[in-house]
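[1] give me a model of this one.
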Amino acid sequence: MASPLNVVVLAAGLGKRMRSSLPKVLHPLAGRPIVAYVIDAARTLSPRAIAVVVGAGAQAVRETLAAPDLSFVLQEPPRGTGDATRLALVVLPKDGVTLVTIGDIPLVPATALAELVHAAESGQLAVLTARVADPMGLGRILRDAAGRVQGIVEERDLSETQRTLDEINAGVMAAPTALLNRWVAALTPGNAQREYYLTDIVAMAIADGVPVVAQLADDERDVRGVNDRAQLAAVERILQARRAAALMAAGVSIADPARIDIRGALTCGRDVRIDVGCIFEGDVALGDDVTIGPYCVLRHTTIAAGTVVEAYSHLVDATVGAGCRIGPYARLRPGATLAADVHVGNFVEVKASALGRGAKANHLAYIGDTTVGSQVNFGAGSITANYDGANKHRTVIGDGASIGSNCVLVAPVSVGEGATIGAGSVIAQDARPGALTVARPRQVTVDAWKRPVKPGKTVP
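    Modelled structure (predicted):
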């Protein structure tokens, strides 16, 4: 039977190298805080308690991460990972197993954490390690001639010989809680930083005859930490490359996996095609045979089968039916709902409006707070004037109506089924079904009129 599990997440660091007022662990990675990935991985192990140690920017971290299963512990002043762990253990149950992880290593898979916990359940101290080409700045794993772990030495305390070692400490450990409590209570700040290092418990475990097992990461990229913006960008590309690879393995065509950003959950049907430079934020669902052109942004949007979204289109909180054609340079704002076979063309904006089946607004139009019937044609340069300076009003356009170019429909107003609105009209009263409505001044030509001329110039 598995032992009860506690989790400690060390998230108190300021992150000076980020040069930011935002706490390091809250910097966004694929649209979410770095530390959120660490907590999510821990949650998959069904722990009974999770303690997050906060320090710099503590209030912001608490507010961002607040959840019923999280407790927060303040470390002030910062005195190292050992001290942070000791503070967290005070609020956690004293039995079972405790996993200690770090808030700035977001790519550690849950399977690796589970292996550490399993080793700790058998009474061992388990440490996550990795072999890296450039270990500079990282603590090294010390082994004896037989390959047994003998300790962990931080970068600042390494001897010249130890600097050549390439196995690094990833900062994640698991141990029986009772032993962990005893070891952290005995830590001393005898190092170059005058801090309490959690890594010093390895030597204590060996002295106590407790086996120490080093769990080598399958992929060194899994333990990449984030200490500056360059490292954050590198981890971002690793995560995005993995997401792109998973989509392609599922049958999605991605023009260039290095030029896609998925900042949320993207689900795709069969034979979806995604061109370069696209950004997907929040929950986005693409049906079968959907094509997304280059440099589009989709946020919290659902698109049904067979729809084509052309280049540089922005869709936010929108629902798009099957067989539609969007863009290029189209904008669907929150509340835009398109039925099947709708066309929304270049430089057309739709907000809080429903467009019926087969409706078309192909160029240079604004449709806001409007119900558009089926087979409506909305002309170039036309708009619904939905805002009076204080309130939004609704426009209703019946099935089969045709709105000419450069018209203004002043809401609240209705255009009946099959009605035609003549080009250049300002419609402030309801237009009757099936009739032509024209609302524009009569054209007048003044033959004797003379154009003003600047001094020294002549009229051609």
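[2] and Arg86, helix, strand or coil?
    Following DSSP: H, G, I helix; E, B strand; the rest coil, Arg86 is assigned to helix.
[3] what residues are up against it?
    By C-beta atoms under 8 Å, 6 or more residues apart in numbering, the contact list for Arg86 reads 184-185, 187, 196. In short, each C-beta sits where N, CA and C put it, glycine included.
[4] what's the spacing between it and Leu10?
    Between Arg86 and Leu10 the distance is 11 Å, computed by C-beta to C-beta, to the nearest Å.
[5] just put the contacts of Arg86 in TSV and tack on pLDDT, distance to Val35 and neighbour count.
    Putting the contacts of Arg86 into TSV (pLDDT from 0 to 100; distance: C-beta to C-beta, whole Å; neighbours: other C-beta atoms under 10 Å) gives the following:
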residue	pLDDT	distance to Val35	neighbour count
Val184	97	21	24
Ala185	97	26	10
Leu187	96	24	22
Tyr196	94	21	20
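[6] narrow the residues you listed to those in helices?
    Taking DSSP state H, the ones among these that sit in helices are 184-185.
[7] which one of the contacts of Arg86 sits closest to Ala249?
    Checking the contacts of Arg86 against Ala249 with C-beta to C-beta, the nearest one is Val184 at 43.0 Å.
[8] assess the claim that that closest one and Thr81 are in contact.
    No - in this structure, Val184 is not within contact of Thr81 by C-beta atoms under 8 Å, at 9.5 Å.
[9] need the residues touching each of these two.
    In terms of C-beta under 8 Å, 6+ apart, Val184 and Thr81 are both contacted by the residues 196, 198.
[10] how about the helices in the chain?
    Under the criterion DSSP H, the chain contains helices at 34-43, 58-65, 81-90, 110-121, 177-185, 201-207, 229-249.
[11] let me see the residues that make contact with the longest one.
    Contacts made with helix 229-249 from outside it, assessed by C-beta under 8 Å, 6+ apart, are listed as 18-19, 27, 29-30, 34, 106-107, 221, 224-226, 254, 257-258, 260-262, 266, 268.
[12] residues of it that come out buried?
    Within helix 229-249, the residues that qualify as buried by neighbour count (16 or more other C-beta atoms under 10 Å) are 232, 235-236, 238-240, 243-244, 247.
[13] over to the fourth one?
    Of the residues in helix 110-121, those buried by neighbour count under the rule 16+ other C-beta under 10 Å are 112-121.
[14] identify the residues contacting it?
    Helix 110-121 has contacts (C-beta under 8 Å, 6+ apart) with 2-3, 5, 41-42, 44-45, 97-99, 101, 126-128, 172-176, 213, 215, 217-218, 222.
[15] ditto for the shortest one
    Surrounding helix 201-207, the residues in contact under the criterion C-beta under 8 Å, 6+ apart are 82, 125, 127, 149-152, 173, 175, 179-180, 183-184, 186-187, 211-212.
[16] pLDDT of it, averaged?
    Average pLDDT, helix 201-207: 94.
[17] for the stretch 51-200 of the chain, give me the ranges with low pLDDT.
    Counting by pLDDT under 70, the stretch 51-200 of the chain has no low-confidence residues at all.
[18] surely Ser402 and Gln375 touch.
    No - Ser402 lies out of contact with Gln375 (C-beta under 8 Å); the separation is 9.3 Å.
[19] ok, back up a step: buried ones among the contacts of helix 201-207?
    Buried members of the contacts of helix 201-207, scored by 16+ other C-beta under 10 Å, are 82, 125, 127, 149, 151-152, 173, 175, 179-180, 183-184, 187, 212.
[20] and those as CSV, adding distance to Ser425?
    Formatted as CSV, those follow (distance: C-beta to C-beta, whole Å):
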residue, distance to Ser425
Gly82, 76
Leu125, 80
Val127, 76
Val149, 82
Gly151, 83
Ile152, 78
Met173, 74
Ala175, 78
Leu179, 82
Leu180, 77
Trp183, 82
Val184, 78
Leu187, 80
Val212, 82
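[21] ok, so of the residues you listed, who is nearest Glu417?
    For these, the closest approach to Glu417 (C-beta to C-beta) belongs to Met173, at 70.8 Å.
[22] can you pull the contacts of that closest one?
    99-100, 116, 125-128, 198, 201.
[23] before we move on, the earlier item: what two of the buried residues of helix 229-249 are the furthest from one another?
    Distance extremes for the buried residues of helix 229-249: the farthest pair is Leu232 and Leu247 at 22.7 Å, using C-beta to C-beta.
[24] where does the stretch 351-460 of the chain dip in pLDDT?
    The stretch 351-460 of the chain contains residues with pLDDT under 70 at 458-460.
[25] a markdown table please, covering the buried residues of helix 229-249 and showing pLDDT and distance to Val272.
    Converted to a markdown table, those look like this (pLDDT from 0 to 100; distance: C-beta to C-beta, whole Å):
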| residue | pLDDT | distance to Val272 |
| --- | --- | --- |
| Leu232 | 97 | 29 |
| Val235 | 98 | 26 |
| Glu236 | 98 | 23 |
| Ile238 | 98 | 23 |
| Leu239 | 98 | 20 |
| Gln240 | 98 | 17 |
| Arg243 | 98 | 14 |
| Ala244 | 98 | 12 |
| Leu247 | 98 | 8 |
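[26] pick out whichever of those residues sits closest to Leu138.
    For those, the nearest to Leu138 is Val235 (15.0 Å; C-beta to C-beta).
[27] list the contacts of the residue lying closest to Asp104 once chain neighbours are set aside.
    For Asp104, ignoring the flanking residues on the chain, the nearest one in space by C-beta to C-beta, 6 or more residues apart in numbering is Val226 at 4.7 Å. Applying C-beta under 8 Å, 6+ apart to Val226 gives the contacts 24, 27, 29, 34, 104-106, 232, 235.
[28] Ala170 reaches Arg224, doesn't it?
    No - in terms of C-beta under 8 Å, Ala170 does not count as a neighbour of Arg224; the distance is 9.3 Å.
[29] between the two, who's got more neighbours?
    Ala170 (28 against 21; other C-beta atoms under 10 Å).
[30] what's the spacing between that one and Ala207?
    Distance from Ala170 to Ala207, counting by C-beta to C-beta: 23 Å.
[31] what's the burial count for the residue nearest to Asn191 when sequence neighbours are not counted?
    Among residues not flanking Asn191 along the chain, Asp157 sits closest, at 5.6 Å (C-beta to C-beta, 6+ apart). Taking other C-beta under 10 Å as the criterion, the count of residues near Asp157 is 16.
[32] and if you look at the one 4 residues further on?
    If you count neighbours by other C-beta under 10 Å, Thr161 ends up with 7.
[33] returning to what we had before: what touches both of Ala170 and Arg224?
    Ile105.
[34] that older thread, would you list the buried residues of helix 110-121 in CSV and tack on distance to Asn391?
    Converted to CSV, those look like this (distance: C-beta to C-beta, whole Å):
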residue, distance to Asn391
Ala112, 56
Leu113, 54
Ala114, 56
Glu115, 60
Leu116, 59
Val117, 58
His118, 62
Ala119, 64
Ala120, 62
Glu121, 63
